[in-house]
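>>> Here is a sequence with its predicted model. Questions after.
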Amino acid sequence: MTFDLATFLQEAGAGRRIVQLKPRQVFFSQGSSADSIFYLRSGRARLTVVSQDGKEATVALLSAGEFIGEESLASIGGLHMATASAIDLCTALRIEREEMVRLMHEEHGFSEMYLKFLLTRSMRSQADLVAQLFDSSEKRLARILLILAEFGEPGKRERLIPPITQETLAEMVGTTRSRVSFFMNRFRKLGLIEYNGRIQVNRSLLNVVLHDQFTERNPERPPGSPTPRVRSKTARRG
């Protein structure tokens, strides 16, 4: 019998079952047994890690068509390195480790699709690291809003992001809630986003990110903050 990848990912069967999660419910927790992998069929999720002193950080945002918990393939008896939780209503296919290993060995179409996912995830992780190292908080916030709105998904019309607090956005960006509020107000005034019960992201925000057309030289300095003095080249020569 010919293996049908689309049917496999949509239906329950041996070694796999369909699960549904409400917003904030977890697929698995950091430190729990890594014995299965989830294929996200619909909805959005995020990966978070908590340090020994209790600080939490978001390491990845996930959307439909992605796998969650790939560390389960690394070794038997391994543990999850992060917590995966639903951002909005999610439907996923839970695949047991043994079934996943069998598929990787026996079904070429499945293993090809999975390896492509791993490569895409690796490239995006590098892009996230570069953004964290070199982009301003404002640009990182814009990038996260675009990811949450799933810009680039073919045929998707609405650009509403899931209900999310500014505190959560600040934690994702790596800045303070007051800065997120400042940037969000700026985006709204410029027509880059809209508030209509939920946040709607406009395509103009994508253009701003692609062309790095942010409005101020130092966008992270709130209005009224003193500008640091910079010595001229002539003064330095003296």
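Okay, I see it. Residues are numbered from 1 along each chain as shown.
>>> quick one, domains of this protein?
Per the record, the chain has its domains at 10-98, 136-210, by automatic domain parsing.
>>> Kindly reformat those domains as a markdown table containing mean pLDDT and mean neighbour count.
To be clear about C-beta, it is placed using only N, CA and C from the backbone, and glycine gets the same treatment. Listed next are the domains of the chain as a markdown table, based on pLDDT from 0 to 100; neighbours: other CB atoms under 10 Å:
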| stretch | mean pLDDT | mean neighbour count |
| --- | --- | --- |
| domain 10-98 | 90 | 16 |
| domain 136-210 | 84 | 16 |
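>>> Let me have the ones you listed in JSON lines, adding distance to residue 120 as columns.
Compiled in JSON lines, the domains of the chain are given as follows (distance: least, CB to CB, whole Å):
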{"stretch": "domain 10-98", "distance to residue 120": "8"}
{"stretch": "domain 136-210", "distance to residue 120": "12"}
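>>> which stretch of helix or strand covers the most centrally placed residue in the chain?
For the chain, the residue sitting closest to the mean C-alpha position, by CA atoms, centre = their mean, is residue 61 at 1.5 Å. Residue 61 is part of strand 56-63 when elements are defined by DSSP states H and E.
>>> where does residue 105 land on pLDDT?
In this prediction, residue 105 carries a pLDDT score of 90.
>>> hang on, the earlier thing: surely the residue nearest to the centre of the chain is in contact with residue 147?
Yes. The pair residue 61 and residue 147 qualifies as a contact (CB atoms under 8 Å) at a distance of 5.1 Å.
>>> Now do the contacts for residue 193.
The neighbours of residue 193, taking CB atoms under 8 Å, 6 or more residues apart in numbering as the test, are 145, 184, 187, 199-202, 205.
>>> rewinding a little: could you point out which of the domains of the chain sits nearest residue 117?
With CB to CB as the criterion, residue 117 lies closest to domain 10-98 of those, at 5.7 Å.
>>> Can you name the element that comes right after the longest helix anywhere in the chain?
Across the chain, the longest stretch assigned as helix under DSSP state H is helix 108-134. Moving toward the C-terminus from helix 108-134, the first helix or strand encountered (DSSP H and E) is helix 137-148.
>>> Just list what the following helix or strand past that next one packs against, helices and strands only.
Of the helices and strands lying after helix 137-148 in sequence (DSSP H and E), the nearest is helix 166-173. In terms of contacts (3 or more CB pairs under 8 Å, 6 or more residues apart in numbering; DSSP states H and E), helix 166-173 is packed against strand 56-63, helix 137-148, helix 177-189.
>>> Taking their axis directions, the second one and helix 108-134 sit at what angle?
Relative orientation of helix 137-148 with respect to helix 108-134: 160 degrees, computed using axes from the mean of the first three to the mean of the last three CA atoms, to 10 degrees.
>>> Residues contacting helix 137-148, please?
Contacts with helix 137-148, where a contact means CB under 8 Å, 6+ apart, come from 44, 61, 63, 87, 131-132, 135, 161-162, 164, 169, 172-175, 179-180, 183-184, 186-187, 192-193, 199, 201, 205-206, 208-209, 212, 214, 219-220.
>>> roughly how far is it from the heart of the chain?
Here helix 137-148 is found 10 Å from its chain centre; the criterion is CA atoms, centre = their mean, to the nearest Å.
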